[in-house]
Each structure stands twice: as structure tokens, then as C-alpha cells.
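Undergrad: predicted model and sequence below, questions to follow.
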Amino acid sequence: FTIELIARFACCPNKKEFWKSIINWIDLAAILPFYISLMVPRDQQDLQSLVFIRMIRFTRIFRIFKMSRHFAGLLALAYALRAGSRELALLFLLLSICVVLFSSMDYYADYSN
């Protein structure tokens, strides 16, 4: 992943424009925790200060947004989710009501015995 970022930076004709892209900052934030954890000695890696670094590792998830530019299927999926967001919200609301209702009924059925 580091080699990919370095290669993209080296091939970019305008270096300032490269760093203006939020995707490149996300890629950098995904790489940095690995190198920071290499610099910290093993006996000090249990410190609470490294919790922040571990949380930054979750930025790797944002690489999906980067991939969506290149795959028409992901773009179509994002469009469909955006177009049907109200219906999906209603579906999840009804599903959560059913879960609460039936789990309460199960709890009281087991509790009465």
C-alpha cells in the first residue's frame, strides 16, 4: 500500500494538486499507524496513547470510496441505496419494532415460568 501511494505521488504531474485530494490524505492516514507502531518499542505499545493510532487504522475502510470511482457496479449500488433510502429506513424501523416486540414477548414467556 505504501508503494502504491509513493508511485501515485511520483507519477502525479502536479504535487500540490495530489495533496489537495481527500482520498490521498485518507490513504496517508491509513499508512501512518503502521510506521508509528514500528517506531514505538514493543514494551511501550500497551500505552493508552496508542489507542488513538489504532483508531486511525479504521480509515482503511474509506478505501471503498476510492474503489467506487472505478467500478460501475458500486456506483449503481450507491445510487440505488441513495434513491431507496426512505424505504430502507422504514424497513429497518419495522424490523426493529418486531425485534423489540417479539424479544419482549419471549422474555415475559420465559420469566413467568
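TA: Sure, I can see it. Because the structure is predicted, anything quoted here is derived from the model rather than measured.

Undergrad: low pLDDT regions in the protein?
TA: Along the chain, the parts satisfying pLDDT under 70 run over 41-68, 112-113.

Undergrad: remind me, longest helix of it?
TA: helix 85-111 (DSSP state H).

Undergrad: what packs against that one?
TA: Taking 3 or more CB pairs under 8 Å, 6 or more residues apart in numbering; DSSP states H and E as contact, there are no helices or strands that helix 85-111 lies on. Backbone N, C-alpha and C define where each C-beta goes, glycine included.

Undergrad: residue 27 - how many residues pack around it?
TA: For residue 27, the neighbour count with other CB atoms under 10 Å is 22.

Undergrad: just use 46 as the starting number from now, easier for me
TA: Okay, using 46 as the starting number, the last item reads as residue 72.

Undergrad: helix or strand: which one has the closest residue to it other than its chain neighbours?
TA: Nearest residue to residue 72, sequence neighbours excluded (CB to CB, 6 or more residues apart in numbering): residue 50, at 5.3 Å. Per DSSP states H and E, residue 50 falls inside helix 47-56.
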